[in-house]
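> model this:
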Amino acid sequence: MRIGIQFDPRGHRDLERLLEDFVRAEEEGFASAWLGQVFDHDALTLLALAGPRTRRIELGTAVVPLPTRHVSVLAQQALTTQFATRGRLCLGVGAGHGLILDKKLGLASDRPVARTREALEVLRPLLNGEYVKYTGTYQRLRMATPVDGVTAPGIILAALGPRMLELASELADGVAVVFAGARFIAEEVRPRLPATARIVACLPVALTETPEPLIEAIDAYTAPSMVLPAYQRTLAAQGEGGVGALSLVGDQTQLEAGLSELAESGVTDLNPILISAPADSGCARRTRAFLAECARSRTNPAATAFEE
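Modelled structure (predicted):
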């Protein structure tokens, strides 16, 4: 299992320091660095800026909501970022959440699987440099997005339910799975995907001797996401009411056991959320150091796949 790190650029006012953190993550040995796409910084732009400063680390979005960008624009952005990163982009995309699409953006959110299917059917050939002539229910275009000398980035799809997982197995290279524990991944995710598919798991991780305050902090941090039905269904399917109970929280022995369990479940990549709490203000820093050591110590040819 490759171990990455998730960045949250919110609150950063110094671009130089933000980009230097990508360099630091690479030097620490992390296999990948991930950015979500919310309503602040544009994730692909930041990854393109980080590309020339790094040489090995994979740079990924987790994830860009497909309905928020015309598929041709997304293809252009992704290929430009792939050019800037010298082939180290992983393009994570998703259907988006109905509550956000409808109420915040005024975008249609009905039939998310059908809409995502059409977007991927157009996006993949555009990324491959093909001329696309497509007339569907939601996508209609006749064009190409050529960027010379650039290979298509890999695509992972945010997926938790059976239909989206099946779509990912058909049209993506893997999945991004949020707030899912090892048992859920082993029983509900891995069996629906090809053996070669990537499974990028996004979970909070906290190395601490005082787990209870950290679990409470995780539940508070993730509470805004819990209004979204997709996450509610996933937690309910796992018999949990909060993300804290599914997270990797505890001392080094407990975290090592949790990492092993994730790897055995089929997770290929860990995209950890680092959390601190007033009761343990140094938790995020300590956890990052622990995960960096784990990333360096694992024999993992994929971790150096982008070496020049």
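
> Identify the residues contacting F184.
Residues touching F184, when contacts are defined by Cβ atoms under 8 Å, 6 or more residues apart in numbering, comprise T234, A237, Q238. (Each C-beta comes from the backbone N, C-alpha and C, glycine too.)

> so which of those is the most crowded?
Highest neighbour count within the contacts of F184: T234, with 22 neighbours (other Cβ atoms under 10 Å).

> hang on, it is in a helix, isn't it?
Yes: when the secondary structure is assigned by DSSP: H, G, I helix; E, B strand; the rest coil, T234 falls within a helix.

> just checking, it touches E188?
No: using Cβ atoms under 8 Å, T234 is not in contact with E188, being 9.0 Å away.

> Between these two, which contacts overlap?
A180.

> Need the contact partners of stretch 164-173.
95, 112-113, 116-117, 120-121, 124, 154-159, 174-175, 188-189, 192-194, 197-198.

> Return a ChimeraX selection command for the buried portion of those.
When burial is assessed using 16 or more other Cβ atoms under 10 Å, the buried subset of the contacts of stretch 164-173 is captured in ChimeraX by this command:
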select :95,112,116,117,120,121,124,154,155,156,157,158,159,174,175,188,189,192,193,197,198
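
> Tell me which of the contacts of stretch 164-173 fall in helices.
With helices defined by DSSP state H, the entries of the contacts of stretch 164-173 inside them are P112, V113, T116, R117, L120, E121, R124.

> Find the residue closest to the second one in space, skipping its chain neighbours.
Which is V113. Leaving out its chain neighbours, the residue that sits closest to V113 by Cβ to Cβ, 6 or more residues apart in numbering is R163, at 4.9 Å.

> Could you tell me which residues within the one helix or strand that neighbour maps to count as buried?
Under DSSP states H and E, the secondary-structure element containing R163 is helix 162-171. By neighbour count, and taking 16+ other Cβ under 10 Å as the criterion, the buried residues in helix 162-171 are M164, L165, L167, A168, S169, L171.

> can you check stretch 117-134 too?
Using 16+ other Cβ under 10 Å as the burial criterion, the residues of stretch 117-134 that qualify are 117-127, 129, 132.

> right, and the pair among those residues with maximum separation?
Across those, the two members that end up farthest from each other (Cβ to Cβ) are R117 and G129, 21.5 Å apart.

> Closest one of the ones in helices among the contacts of stretch 164-173 to R55?
With Cβ to Cβ as the yardstick, the closest approach to R55 among the ones in helices among the contacts of stretch 164-173 comes from R124, at 27.3 Å.
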